[in-house]
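Asks: Turn this into a model:
(6 chains)
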4 protein chains.
Amino acid sequence: MNLSSRRTRKRKDEILKSAMRIINTRGYEAATMEEIAAELLMTKGSLYYYFKNKQDLMYQCHHLVLSEAVKELEEHLEKDQSVTETLKNMVDTHIYFAVEEKETYNLLIRPDQAYDKEHLQSTLDLRKYYASLFDKLIERGIASGEFSIKEPVIARMFILGSMNWIQQWFYPDNRLTREQLQQLFYEYILTLLRGSE
Amino acid sequence: MNLSSRRTRKRKDEILKSAMRIINTRGYEAATMEEIAAELLMTKGSLYYYFKNKQDLMYQCHHLVLSEAVKELEEHLEKDQSVTETLKNMVDTHIYFAVEEKETYNLLIRPDQAYDKEHLQSTLDLRKYYASLFDKLIERGIASGEFSIKEPVIARMFILGSMNWIQQWFYPDNRLTREQLQQLFYEYILTLLRGSE
Amino acid sequence: MNLSSRRTRKRKDEILKSAMRIINTRGYEAATMEEIAAELLMTKGSLYYYFKNKQDLMYQCHHLVLSEAVKELEEHLEKDQSVTETLKNMVDTHIYFAVEEKETYNLLIRPDQAYDKEHLQSTLDLRKYYASLFDKLIERGIASGEFSIKEPVIARMFILGSMNWIQQWFYPDNRLTREQLQQLFYEYILTLLRGSE
Amino acid sequence: MNLSSRRTRKRKDEILKSAMRIINTRGYEAATMEEIAAELLMTKGSLYYYFKNKQDLMYQCHHLVLSEAVKELEEHLEKDQSVTETLKNMVDTHIYFAVEEKETYNLLIRPDQAYDKEHLQSTLDLRKYYASLFDKLIERGIASGEFSIKEPVIARMFILGSMNWIQQWFYPDNRLTREQLQQLFYEYILTLLRGSE
DNA sequence: TATGAATGAGTGTTCATTCAT
DNA sequence: CATGAATGAACACTCATTCAT
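Replies: Got it, this is the predicted structure:
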C-alpha cells in the first residue's frame, strides 16, 4: 500500500469516527451528511469523495464496529481458558461495545430499511456470525457439563437481548460503573446457563 | 360527555389504530402523516383537527399501548395467585405486547428526540411505573423466599431487556410459536430469579 | 368530473403551459423545477402536488403537444381533400408546431435518457404513430399516381427531418414569415414526392 | 514548435478524441469531466491543464470535427468533377459525419447556452461557412442549368436539415446500410434540386 | 369537520472548478 | 505535468405544517 492510499485510508477512518459520534448522538436517520461533515470542518460534498453515498458511509460505520467486536470475541474463544472465564470476557466485550458504541454497534433497528440488498445481506451475515460465537461457547459449556440450558439458541437470544438493551437505560455513574454492570450481568448469565438444579 | 365529543373520541381512536399499524410496519420516523391518513381514506390536513402535530399523534399511540399493558400487569398483580403464576402472566403480557405491537410499544428508541419536554417526562414516568410493577413482583418473590437475586433492579433491567429485544428477531412460525416462546422465557427468568443455590 | 378535479385539471394545465415556456427557452435539462414554479409564483414543493416528479412533468408536456399535433393531422387526413391539399395542411401543421413549440414538440433528443421505461415506450409509440400519418398520405399519393418516390418510409424520414430542423435556424421576421416558409417547404416536398420524370 | 509543446498538442488531441467518444455516447450535458478523464486513465483535475474549462473542451471537440468536415467539403468542391458527382461526394461526407460523430458534429442544439460569446461567434461563423459550401454547389448547378430550385438558401436549409436529422433515427443494420442511405438521400436531393419539370 | 392546496425548511447528491504538493 | 482532495453552488425531492373555504 502506497503513501497516498494510506492517507486516504486514514481520512476515511477519521470520517467514520466522526460519523459514529454523530450516529451515537442523533441516531441513524437523524444523522445528516451536513452534520457529519461539519464536525470535521469539511463540506458535505467532500464526503462523497470518500463514500459513494450516505448508505455506504453508514454501512461502513456499522461494519467497522461489528468487525472489531467479532475479532475480540474470536480472541477470547481461542485463548486457553475455562468456559466461565471465556464467558466473562465475552460478556465484558459485548457490554463494552453496547455501551460505548451504542447505535453504531448493534441497535440499527431496521437494517432492511437502511440498506440495499447487498449491504443488508452482508450485515445480516456478520450478525449471524457474531451470534454464533456465543453459541459456540454455550455448546462448549454444555459439552463439559458446566451448563445446562433448554433450547440453547433461544437462550442465547435471551442473553444477547438483555445485553443489547443496556444501551437503552444505562448511563455510567458512581452508583453503577460499567465494570460493576459487566460483573453483575456475567453472574446473571452464569446462573441462567448453569440451570436451576 | 356529549354526542359530538364522543364522536371525536371515536375518530381519534380510529386514527390511533391506523397510525399504530403504520408505525409497526414502517417504523417511527418512516411513518408519514400522509400514509396514516391514506389508510383511513382521509387527507393529511384532517389529522391536524384531531392531533396538534405528528409528535402529539405519536405520543398518544405510544401512551395508549403502554397504558393498556400497564392495566393488564396491574390486574395480574392484584389477582390472588402464586408468585410464579403471576410471573408467568406478566411475562406473557409483556411478550405479547412486544411481539404484537412492536415499535409502538416500547422500542421507541429515542423518546428524547421524538418528544418535547412535557411528553417526554410523561413517557418516562409511565415507563418507570411499568417497570416498577415488575420490581414489585420480584420483591414479593424475595420476601417469600422463592427468589434469590442480587441487585433486583438491575436484574429487572436484564429481564425486561431480554424480552424487549424479542421484537428484533422473533417472527412466529411453526418452529417456534409465541406461546412456546413465552413459556421458554418464563422458565429462563424463573431460573434466573431463583438463583443458583 | 366534479368541480374540484376540474380545478386541479386546470391548474395542471397552467403548470404545463408554464413548463413548456421554460423548456422552449432553456431546454429540457436546463429547465429547473424552481424556475417553472417561479413563473407561476409558486414554490418548488407545490409542483410535486400535481406531478410525481420532474420526469413526469416533462413527459406530460411532451405528450400534450404531441397529442394535439396528432389530432390535427388526423383531421387533415379525414377531410375529403386532394392529396396535395392534405399535404399542404399537414406540412403547415408540422411546421407550426415545430416553430411554436420547439423543444417541447419533437426535439427531445434523448428520450431514452430523460424517461424511464414506461414513459419511453409510450413516447416512442406516439412518435411512431405520428410518423405513420405521413406514411398514410404518401401511400395515398402513390396509389393515385400523383406521387412517385423510392423507399417511401425513408423519404418520409427525409421530409420530417427537414421540417424538424427548422427550429434550429428559423426565427420569423419580415424577410421570411412562417407562412412563406410553410409554402416553400410544401413545394419542395411536393417536388420530391412527385419524382423527377 | 518545440518538443514539449508538440507533446502537449498530442495529449490534447487524445483528450479530444476521448471526449468525443463520451459526448457521442452520453450527450453534451451528460458527459462529465470525470468520465472523460477516466477513459484516459487520468484524473479530472489534469484536464484543466490542457483546457480552460469544460466549455473550452467541448468547443474544441465541436470545432475539430466541424473543421475536418469543412476540409473534406472544400476538397470535393475543388476537384474537377460534375456538379452531380460533387453533390454525391458532399452528401456522402455530411452523412458520414452526421452518423459517425453524431452529437459532436452538428447537433449541439443550444450553442448559445453552452458557449460564451466568443466561442459562440466562432462556432456560428464556422457553421455559416460550412453551409455556404453547399450554397456554392447549388449555385454552380443553377448556373449550369442542371438545378432549378426556388429560394436556394432555404432549400439548402431543407436539405441540410434532412441530413442532420439522420442521427435521430438511423442505426445502420443490414436492412439499410450507411452506403444505401447515402445513395438514397443523394437521389432525393437531386430530384429536389432538379425541380419538377 | 374535512380537504385541497400551498409552503418552506431540510436532505442527499452531482459536478465543474480550484489548488497545494 | 499530474493528482488528490476539497469546495460550493445547484438541483430534485420529501414532508410536516398551515389555512382558506
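Asks: Contact partners for the residue nearest the centre of chain A?
Replies: With distances taken as CA atoms, centre = their mean, the residue of chain A nearest its centroid is residue A:105 (3.7 Å). When contacts are counted by CB atoms under 8 Å, 6 or more residues apart in numbering or on different chains, residue A:105 touches A:65, A:66, A:69, A:97, A:98, A:167. (Each C-beta comes from the backbone N, C-alpha and C, glycine too.)
Asks: buried sites along the helix or strand containing the third one?
Replies: So the one you mean is residue A:69. Residue A:69 is part of helix A:54-78 when elements are defined by DSSP states H and E. Residues of helix A:54-78 classed as buried: A:54, A:56-66, A:69-70, A:72-73, A:76-77 (neighbour count, 16 or more other CB atoms under 10 Å in any protein chain shown).
Asks: Need the pLDDT of the residue of chain A found nearest DNA strand F.
Replies: Per CB to the nearest atom of the strand, the residue of chain A with the smallest distance to DNA strand F is residue A:45, at 2.1 Å. Listed pLDDT for residue A:45 reads 95.
Asks: Look up how far residue A:37 lies from it.
Replies: From residue A:45 across to residue A:37, the span is 8 Å (CB to CB, to the nearest Å).
Asks: How about residue A:171?
Replies: According to CB to CB, residue A:171 and residue A:37 sit 28 Å apart.
Asks: Look at these two and report which has more neighbours.
Replies: residue A:37 (20 against 7; other CB atoms under 10 Å in any protein chain shown).
Asks: Give me the phi and psi angles of the more buried one.
Replies: Main-chain dihedrals, residue A:37, degrees, to the nearest 10: phi -60, psi -40.
Asks: ok, the closest residue to it other than its chain neighbours - how many residues close by?
Replies: Nearest residue to residue A:37, sequence neighbours excluded (CB to CB, 6 or more residues apart in numbering or on different chains): residue A:44, at 4.9 Å. Neighbourhood size, residue A:44 [other CB under 10 Å]: 13.
Asks: ok, now which ones touch residue A:44?
Replies: So, once contact is read as CB under 8 Å, 6+ apart, residue A:44 ends up touching A:33, A:34, A:37.
Asks: Would you mark the buried spots in the longest helix anywhere in chain A?
Replies: Longest helix of chain A, by residue count under DSSP state H: helix A:117-143. Within helix A:117-143, the residues that qualify as buried are A:119, A:123, A:126, A:127, A:130, A:133, A:134, A:137, A:138, A:140, A:141, counting by 16+ other CB under 10 Å.
Asks: For the next helix or strand after that helix, C-alpha coordinates in CSV please.
Replies: Using DSSP H and E, the helix or strand that follows helix A:117-143 towards the C-terminus is helix A:152-164. As requested, the backbone C-alpha atoms of helix A:152-164 are provided in CSV (Å, rounded to 0.1, in the frame of the first residue of the first chain):
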residue,chain,number,x,y,z
PRO,A,152,-29.6,-23.0,23.8
VAL,A,153,-30.2,-20.9,20.7
ILE,A,154,-33.2,-19.2,22.2
ALA,A,155,-31.3,-18.8,25.4
ARG,A,156,-28.5,-17.0,23.5
MET,A,157,-31.1,-14.6,22.1
PHE,A,158,-32.3,-14.0,25.6
ILE,A,159,-28.9,-13.3,26.8
LEU,A,160,-27.8,-11.1,23.9
GLY,A,161,-31.1,-9.2,24.1
SER,A,162,-30.6,-8.4,27.7
MET,A,163,-27.2,-7.0,27.0
ASN,A,164,-28.2,-5.1,23.8
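Asks: and helix A:152-164 with chain B, contact?
Replies: Yes - in terms of CB under 8 Å from any CB of the partner chain, part of helix A:152-164 sits within range of chain B, namely A:154, A:155, A:157, A:158, A:159, A:160, A:161, A:162, A:163, A:164.
Asks: Contacts for that helix, please.
Replies: A:91, A:94-95, A:98, A:106-107, A:131, A:134-135, A:138-139, A:142, A:149, A:185, A:188-189, A:192-193, B:157-159, B:161-166, B:168-169, B:176, B:181, B:184-185, B:188.
Asks: anything in the least confident helix or strand in chain A by mean pLDDT near DNA strand E?
Replies: Least confident helix or strand, chain A: helix A:102-106 with a mean of 73, by mean pLDDT, DSSP states H and E. No - figure legend: helix A:102-106 not in contact with DNA strand E (CB under 7 Å from any atom of the strand); closest approach 14.7 Å.
Asks: any idea how far residue A:119 is from residue A:35?
Replies: Separation of residue A:35 from residue A:119 (CB to CB) stands at 22 Å.
Asks: now residue A:22
Replies: Applying CB to CB, the value for residue A:22 to residue A:119 is 19 Å.
Asks: cool, residue A:131 as well?
Replies: From residue A:131 over to residue A:119 the distance is 19 Å, taken as CB to CB.
Asks: got a list of what residue A:93 touches?
Replies: Contacts of residue A:93 (CB under 8 Å, 6+ apart): A:69, A:72, A:73, A:76.
Asks: Am I right that the last one is in contact with residue A:91?
Replies: By that I understand residue A:76. No - using CB atoms under 8 Å, residue A:76 makes no contact with residue A:91, being 9.8 Å away.
Asks: burial measure for the closest residue to chain D within chain A, as a count.
Replies: Nearest residue of chain A to chain D: residue A:49, at 11.0 Å (CB to the nearest CB). Per other CB under 10 Å, the neighbour tally for residue A:49 reads 11.
Asks: from the middle of its chain, how far away would whichever strand or helix holds it be?
Replies: Taking DSSP H and E as the definition, residue A:49 sits inside helix A:44-50. Distance of helix A:44-50 from the chain centroid (CA atoms, centre = their mean, to the nearest Å) equals 26 Å.
Asks: cool, and stretch A:61-72?
Replies: The answer for stretch A:61-72 is 6 Å, by CA atoms, centre = their mean.
Asks: That stretch and DNA strand E in contact?
Replies: No - on the criterion CB under 7 Å from any atom of the strand, stretch A:61-72 is out of touch with DNA strand E, staying 13.2 Å away.
Asks: Export that stretch to CSV, keeping only CA atoms.
Replies: Once non-C-alpha atoms are left out, stretch A:61-72 reads as follows in CSV (Å, rounded to 0.1, in the frame of the first residue of the first chain):
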residue,chain,number,x,y,z
CYS,A,61,-19.5,2.5,10.3
HIS,A,62,-21.7,-0.3,11.3
HIS,A,63,-19.4,-2.9,9.8
LEU,A,64,-16.3,-1.5,11.3
VAL,A,65,-17.6,-1.6,14.8
LEU,A,66,-19.1,-5.0,14.4
SER,A,67,-15.9,-6.4,12.9
GLU,A,68,-13.9,-5.1,15.8
ALA,A,69,-16.2,-6.8,18.3
VAL,A,70,-16.1,-10.0,16.3
LYS,A,71,-12.3,-10.0,16.4
GLU,A,72,-12.3,-9.6,20.2
